[in-house]
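1. Need the 3D shape of this:
(4 chains)
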Amino acid sequence: MSARVQSEPFDIGAELRGFGADAGAVVTFSGLVRSEDGRLTALEIEHYPGMTEKALTAFGAAAAQRFDLTDWRIVHRHGILSVGEPIMMVATAARHRKAAFDAAEYLMDWLKSRAPFWKREIGPDGPGEWVAARPDDEDALARW
Amino acid sequence: MSARVQSEPFDIGAELRGFGADAGAVVTFSGLVRSEDGRLTALEIEHYPGMTEKALTAFGAAAAQRFDLTDWRIVHRHGILSVGEPIMMVATAARHRKAAFDAAEYLMDWLKSRAPFWKREIGPDGPGEWVAARPDDEDALARW
Amino acid sequence: MAVEVLYFAWLRERIGVPRETVQTDAATVRDLIAQLAAMDEWHAAALSDLSAVRIAVDQELTDLDAPLGHAREVALFPPMTGG
Amino acid sequence: MAVEVLYFAWLRERIGVPRETVQTDAATVRDLIAQLAAMDEWHAAALSDLSAVRIAVDQELTDLDAPLGHAREVALFPPMTGG
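-> Got it, this is the predicted structure:
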């Protein structure tokens, strides 16, 4: 049960070693940098040190209680990440699959719209636009 | 895009290496052997060689089309698996998270009720009961 | 015609063999199962409650009233519990 | 009182500094933002559309009408795009 913010890459296999003992069901989500049809070479991710960790930990604790998780983990990177690199992951462990799936979606919905991260596109000519928030990410929160 | 049935363990990290290039969103589900409060030491998993592979491949192809996946993988073990060991995994890759989550749940719902696997409990005194199908697993299929 | 009949899980245990070759003129899966159930008490007991039996013909899931056609392989088993 | 004001993403770029210490008597976040917007043309431009501004007081998300209280740190930033 932990949240981490780091610039270093992470390995999902290593994160899952010993994760969710006696869980039955483990779900992971990982987000990767897309090239957007070759338009991007990287993403730069800015965050709010201090608040980020607090927010992610609060989301994890809320999910653990709501979905009766036996374990959860959030890892989110910051800095400049090349196309294809993992940006972040969440993992959830529960007795049955529905709780594990729901908890992972819940964490992602909160993380997308309520964790203090901002993405900027980087193309062949250098830094470009800040990524705009998607209205349907905000809408997704309404279901919880 | 592949389905495998094997008795050997698998490693989720290794399965995800190079998985879902340019996907953006990758979801995994893995099922582990639960101890059921210490009642079990292992599960024995029987399957129908030949049909199993065909069924899993058909489920994967259907999910790929329906959710526009850039990649999918199903790995399911058979034989005697000790408590804590991974039984199976599905992985789905798509541009956005909703499709990746939905496809993983879709695959799990089909796999639970329509793939020819049968679990038998093994306790300290040896083989016990065959696991009964859960009515809500059958119900879960109705939503697709 | 000759059909290879396969059994899995507790159906296999109750009948006592994992597979057998059966000569049959059955038109449907239901007819074939009636023929199997008449073979001996183990078959009869294992196949007494058809609501607990699932069927695959030539490795495709189907139902009791499916025509047997030129099937080479019929599998009978309990509801599946994968994942 | 002295409040540390932090800016992130394009708000940080438009204002030109990542943080600044501001002396204020503002009662609410809205009052503080009005004071900031009056400082110079960069602040004014960055803070012209408050629908695009999200707010955290002492690292908790809040809204424009939240009382400033004894806040030590107020952060202003665009809608978040994590994950």
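
2. only C-alpha atoms for contact and neighbour calcs from this point on.
-> Fine.

3. Is any residue of the helix or strand containing A:D137 near chain D?
-> In this assignment (DSSP states H and E), A:D137 forms part of helix A:135-141. No: contact of helix A:135-141 with chain D (Cα under 8 Å from any Cα of the partner chain) is absent, the minimum separation being 9.1 Å.

4. Likewise for stretch A:19-35?
-> Yes: contact of stretch A:19-35 with chain D is found when judged by Cα under 8 Å from any Cα, involving A:G31.

5. and the end-to-end length of that stretch?
-> For stretch A:19-35, the first and last residues are 31 Å from each other (Cα to Cα, to the nearest Å).

6. now the nearest residue to A:E8 once chain neighbours are set aside: how far from B:I122?
-> Residue nearest to A:E8 in three dimensions, not counting chain neighbours: A:R77, with 6.9 Å by Cα to Cα, 6 or more residues apart in numbering or on different chains. A:R77 is 42 Å from B:I122, where distance means Cα to Cα.

7. Give the burial count for the residue in chain C positioned nearest to chain D, as a bare number.
-> Distance from chain D to each residue of chain C (Cα to the nearest Cα) is smallest for C:G83, at 28.1 Å. As a burial measure, C:G83 scores 27 neighbours (other Cα atoms under 10 Å in any protein chain shown).

8. Correct me if wrong: it contacts B:M108.
-> Yes: under the criterion of Cα atoms under 8 Å, C:G83 makes contact with B:M108 at 6.8 Å.

9. Where do the strands of chain A begin and end?
-> Under the criterion DSSP state E, chain A carries strands at the ranges A:2-6, A:25-32, A:42-47, A:71-77, A:79-82, A:86-94, A:117-123, A:126-130.

10. OK, contacts around A:T70?
-> A:G20, A:A21, A:A23, A:A64, A:T92, A:A93, A:A94, A:R95 (Cα atoms under 8 Å, 6 or more residues apart in numbering or on different chains).

11. a markdown table for the residues you listed, including distance to chain B and neighbour count?
-> As requested, those are arranged in a markdown table below (distance: Cα to the nearest Cα, whole Å; neighbours: other Cα atoms under 10 Å in any protein chain shown):
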| residue | distance to chain B | neighbour count |
| --- | --- | --- |
| A:G20 | 9 | 23 |
| A:A21 | 7 | 20 |
| A:A23 | 7 | 24 |
| A:A64 | 18 | 21 |
| A:T92 | 10 | 34 |
| A:A93 | 10 | 33 |
| A:A94 | 10 | 25 |
| A:R95 | 8 | 21 |
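
12. right, and the pair among the residues you listed with maximum separation?
-> Comparing every pair within those by Cα to Cα identifies A:A21 and A:A64 as the most remote, at 14.6 Å.

13. Could you tell me which residues of chain A lie near chain B?
-> Counting by Cα under 8 Å from any Cα, chain A comes close to chain B at A:11-14, A:21-35, A:83-84, A:101, A:105.

14. Check those for burial and list the buried ones.
-> A:12, A:21-35, A:83-84, A:101, A:105 (16 or more other Cα atoms under 10 Å in any protein chain shown).

15. in chain C, what spans have low per-residue confidence?
-> Across chain C, no stretch falls below the confidence threshold (pLDDT under 70).

16. contacting residues around the residue nearest to A:E138 when sequence neighbours are not counted?
-> Excluding its sequence neighbours, the residue lying closest to A:E138 (Cα to Cα, 6+ apart) is A:S113, at 6.2 Å. Applying Cα under 8 Å, 6+ apart, one finds that A:S113 lies in contact with A:A133, A:D137, A:E138, D:P79, D:M80, D:T81, D:G82.

17. Then C:E60?
-> If you count contacts by Cα under 8 Å, 6+ apart, C:E60 has them with B:M51.

18. For it, name its beta-bridge partners.
-> C:V57 (DSSP bridges).

19. how near is the closest residue to chain B within chain A to chain D?
-> Among the residues of chain A, A:G13 lies nearest to chain B; the distance is 3.6 Å by Cα to the nearest Cα. According to Cα to the nearest Cα, to the nearest Å, A:G13 stands 19 Å off from chain D.

20. That residue touches B:G13, doesn't it?
-> Yes: A:G13 is within contact range of B:G13, at 3.6 Å (criterion: Cα under 8 Å).

21. I'm done for today, thanks for sticking with me.
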